[in-house]
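*Asks:* Here is the input, now give the coordinates:
(3 chains)
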Amino acid sequence: MSGADVLKVESLVVETAGEATVPILNSIAFSISAGETVCLVGESGSGKSVTALAVMGLLPKDALAARSGRILLGGEDLLAASPGRMRDLRASEIAMIFQEPMTALNPVLTVGRQIQEVLETHTTIPYRKHRQRVLDMLEQVHLPDPARIFHSYPHQMSGGQRQRIMIAMALILEPKLLIADEPTTALDVTTQKQILRLISELQQKQGTSVLFITHDMGVVADIADRVCVMHRGHIVETGKTQDVLRHPQRDYTRQLLTAVPSLIPRPVRPEDSKQIVLETTEMSKVYGSRSLFGGDPPVAAAKDVSLSLKRGRTLGIVGESGSGKSTVARCVTRLIDPTSGGIRVRGQEISDLSRRALRPYRKRIQIVFQDPYRSLNPRVTVGESIAEGPINFGTPRRQALDEARKLLELVGLPADAIGRYPHQFSGGQRQRIAIARAIAMEPDVLVADEAVSALDVSVQAQVLALLHELQQRLGVAILFITHDLRVAAQICDDVAVMQKGRIVEYGPAETVLRHPSEVYTRELIEAAPGRNWDFANFRPFTPEAPAAPPQG
Amino acid sequence: MLSYILRRILAAIPVMGVVALFVFLLLRITPGDPAAIIAGDMATPEQLERIRASLGLNQPITVQFFTWIGQLLSGDLGTSLISQTPVTTLIGQRLEPTLSLALVAITLSILIAVPAGVMAAWRHGGFIDNLVMSGSVLGFSIPVFVIGYMLIQLFAIDLGLFPVQGFRSIFSGIGPFAERIVLPAFTLSTIYIALIARMTRASMLDVLGEDYIRTARAKGLTERLVLFRHALRNAAVPILTVIGTGFAFMISGVVVTESVFNLPGLGRLTVDAILARDYPVIQGLILLTSFIYVAVNLLIDLSYAFLDPRIRY
Amino acid sequence: MAIHLKEETEAFSRWRMPALRFRRRLIVPVAAGLCLAALVVMAVFAPYLAPHDPLAMLPAQRLKPASEMFPLGTDAFGRDLLSRIIYGARVSLIVGIGAALISIAIGLPLGLLAGFFRILDGILMRIMDGIMAIPSVLLAIAIVTLSGVSIWTVMIAITIPEIPKLVRLARSVVLSAREEPYVEAAISVGSSMPKIMWRHLMPNTLAPLIVLGTYICASAILTEAILSFLGAGLGTETPSWGNVIAEGRVYFQINPGLIFWPGLFLSLCILSINLIGDAARDLLDPRLAKRSRL
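*Replies:* The predicted model follows:
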């Protein structure tokens, strides 16, 4: 097998640059043979992106350096190659596509020009033939109207289209190895599915080997021939995808798989209460510019949204980016004002209340945001952040801080965390603090706006468990906004699917996620990566089969 | 695109309006009798009256304002209290040396500062970077006149390479013109070089951290192409902005430089007006330079549209 | 997700700041601080430090070179240059510090208001744009010419053109901070507008404000020197570095020290303040510091 290896990494060590070095990659080794797809999977900080950059020779010079080991590309050691030689190899032998298609293309050059640059740099093809080559390649990545796209700028395209441009740029010279660093993470599931299909199509056509970096076990299950599980700079487990998913050898791999939420909705919970705590009726939010010089026509971010949520229940709003799900979250919390329609919190209409009149009702509906790094004021202690709300509503300061201490324990943090600042906590811990701040108001409704989307799966599982526990204990209703059907399946009683500002399907999670009646819902479910696997139980799963028993 | 240009031009008008209003009010709201201050301690009542009449201080304030704005719009900047010549004529006579000085200095600044800033960012933390950064702090900190006299001492007196002071029109020959303009232009450009080099470096550092630069490198492009084709164009907007706002330094620099090198330009006109307390001339110069400042920045705003396709809507 | 990568890079940059490098970074700002402290001491204790009365004219001692009696020589009126320079520090420092404090006192509240209230924003920022468009030295000259020369008018004349910089800074900090989820969180737990401003927005303006304040101080000292140099500043009975230089111009070819010595002090003073400002920026403003480090 080693004879056919396109890439062979041997005991690669990468450390931080400078005097006091810290190892980032500890003697990792793996290989990829011709035409094979190998996934590097791991959580943040595992070193998977660093591995990719090391292979490309693109480690940030003043921050990281490869100390020892070999990176053999067709037998040639890349660590020993001169900068000039590395430049020659890039795009012609190894190419790379990145996570953020939005920022990976130069905004001031046309995309045609950016692809053409590859030909200009690496080939002797005469200039007049460049354009045709580029147009052919744009055709191959299935972009509509290549001649128009050629002259377009990146900002005129969607994320999926830009990633297609990146792929065209990477594969135009038919390199032996394509490194894909989370290329679909920033994309919607339906787009992700198309991009994954495109990569595998071109891979088969060109015989390319693919090193695919991802955090998503679903993607691994769908595309990888072999998988390397990374954890803190080590490769902890390597093997055929089927073997690793069925019979993980290491505890870490096992943990990682168990944390992946199942697509099978959780068992139906009995309704304890009939009390409706949140209700919207035909709520709409229209953005329109009233500029003197025209501007964009009015856009309905949310249209005729009618939802209702009972005490102790969880309602999920799922949808892709731009579907309007966050608009709904921000409207019901009155962070933005709806254009029309009603919002009732425990029967009280709040959609038309003035800021001042609204104040007493604010505490009844609280929100947890997506980004744990920005949702806490870096200059305010954790305790002060949590106590701020109760103090606003008249709780004496000392008492509010005592409560904050109890709340911290409730969300699984030490009570003495109260005097510390947010930067002393990890992402998952900060999200717990944000939840404690919301719960401190004793709200009827907790809005979680993509509240676990920025977290690693294992942390995500813990935060989901925390929300579940808090709901059991306090009876709070949760409005859960997410793009991730797996998460929705695990936490929601009811699910509303949104598309282009409207609710297209709305019903019990069991019905919507297992027997969808709308085409769009079905598309979403079918696009969910790894839907044929029940990761937590280490076995494949046939979606048509009757419901599997609930997980552990 | 057209709507962008139109909007920028319309946005510049209120700024000029505010400038005019501010300058107008300045004379009227300063504590004390401006006429008395301008005339000096020895003024006779007749002199005071003449100054008031000449500044239009006798009429109701609204009348004053509208007559004044009317005059401005017809290109009348008032009349000098001393020489009784229209301010526009005075300015016209002094325009050439100032224009020559400023243009040479700007060209010099951009030619030196942009490459220096690019190199500093590229070799971040290295020798060139340290050199550029320390050089620019010095450039900010040493006053223009100190630099001017240092250059005169070194290059004109000690080495005898250039004439000490004076100005020759470019129409009287490149040689004599260049010989006399080099030192003042360099003096004037120091602070500008410092400013532009620092901004170029900062902006390039930002851009060099962007994903598309990594993409360009992943394509195997040479560093030269990465820096100048991919990075510099993206870094250009803040650099141009600072060239525009830095134009204010240029204007005050001109006044000082002309006075150090004895150039008969607008700067000298300003100094003469200060010494003679010739307020209409000062006022005219303020309006003119503010207008130039606004116009330069408008042009720079418009140039963004050509640099960045995202602005063309 | 973007967060993952951010965590990784954050970890790197933390490891990349060994103590040794940090100490080397401190040499320049500490030296600058000492230099500035020396100048402040010089200004405060001028009467004890100056060897002569800065105003005493000795016609017999005109334009003398450096000697034991006059360490830096004398000017055209036979006054001791060193004493005039020592007293000159007073004007520069008073004007510099005064301008920085006044512009913060006026600019910060205006900027906060502009950042928070849309209606005010339009009008206020147009006014600020207008003031920015007027070249600061010319504006200062006009103000001084119209209202007579005194240390107060000079200070105010120098401060007015600096205010827009502060307003714009405070406003931009507020505008970007109010988009932050933690501000929205404060709104949703029912915090009032003044409370949000005071607790969540003000602290963000503090670090950039200190940095800009030092730059304004340096710039004000420079402008004062230029005004004096051009003859629009304080009279020579109040020695300032600028007017000492202005008086020395005519005799420059006879005794260059008349310009270079005050020029040296002036440059050192501005330089140390600028260097302190740079150090403060690196220390206080993580975003800018990261930019200059990464």
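
*Asks:* Would you agree A:Ile478 falls within a helix?
*Replies:* No. A:Ile478 is assigned strand when assessed by DSSP: H, G, I helix; E, B strand; the rest coil, not a helix.

*Asks:* Dig out what it forms beta bridges with.
*Replies:* Here A:Ile478 sits in beta bridges with A:Thr314, A:Leu446, as judged by DSSP bridges.

*Asks:* For the helix-or-strand element of chain B with minimal mean pLDDT, list every residue counted as buried.
*Replies:* Lowest by mean pLDDT, DSSP states H and E among the helices and strands of chain B is helix B:34-39, with a mean of 75. Using 16 or more other CB atoms under 10 Å in any protein chain shown as the test for burial, helix B:34-39 gives B:34-35, B:37-39. Just so you know, the C-beta spots here come from the backbone N, C-alpha and C atoms, and that holds for glycine as well.

*Asks:* do the same with stretch B:275-284
*Replies:* Using 16+ other CB under 10 Å as the test for burial, stretch B:275-284 gives B:276-284.

*Asks:* Just these: which are in helices?
*Replies:* B:276, B:279-284 (DSSP state H).

*Asks:* from the buried residues of helix B:34-39, which single one is nearest chain A?
*Replies:* B:Pro34 (40.0 Å; CB to the nearest CB).

*Asks:* Report the contact partners of that closest one.
*Replies:* By CB atoms under 8 Å, 6 or more residues apart in numbering or on different chains, the residues touching B:Pro34 are B:27-28, B:55, B:57, B:279, C:146.

*Asks:* want to try TSV for the residues you listed, with pLDDT as columns?
*Replies:* Formatted as TSV, the contacts of B:Pro34 follow (pLDDT from 0 to 100):
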residue	pLDDT
B:Leu27	80
B:Arg28	79
B:Leu55	75
B:Leu57	76
B:Tyr279	86
C:Leu146	83
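
*Asks:* returning to what we had before: from the buried residues of helix B:34-39, pick the one nearest B:Glu96.
*Replies:* Using CB to CB, B:Ile38 is the member of these that lies nearest B:Glu96, at 29.0 Å.

*Asks:* Once you drop chain neighbours, what's closest to the residue of the stretch 1-150 of chain A found nearest chain B?
*Replies:* Residue nearest to chain B within the stretch 1-150 of chain A (CB to the nearest CB): A:Arg90, separated by 3.5 Å. Closest residue to A:Arg90 apart from its sequence neighbours, by CB to CB, 6 or more residues apart in numbering or on different chains: B:Gly220 at 3.5 Å.

*Asks:* That neighbour: what's it in contact with?
*Replies:* Neighbour list for B:Gly220: A:86-92, A:118, A:121-122 [criterion: CB under 8 Å, 6+ apart].

*Asks:* Just give the closest residue to A:Ser200, not the sequence neighbours.
*Replies:* A:Ile223 is the one closest to A:Ser200 (CB to CB, 6+ apart), at 6.5 Å.

*Asks:* Let me know the distance separating the one you found from chain C.
*Replies:* A:Ile223 is 19 Å from chain C, where distance means CB to the nearest CB, to the nearest Å.

*Asks:* isn't that residue right next to A:Cys39, touching?
*Replies:* Yes. Judged on CB atoms under 8 Å, A:Ile223 makes contact with A:Cys39 at a distance of 7.1 Å.

*Asks:* more crowded one of those two?
*Replies:* Of the pair A:Ile223 and A:Cys39, A:Cys39 is the one with more neighbours under other CB atoms under 10 Å in any protein chain shown, namely 27 against 23.

*Asks:* In this structure the more buried one contacts A:Ala224, no?
*Replies:* Yes. At 3.8 Å, A:Cys39 counts as touching A:Ala224 under the criterion of CB under 8 Å.
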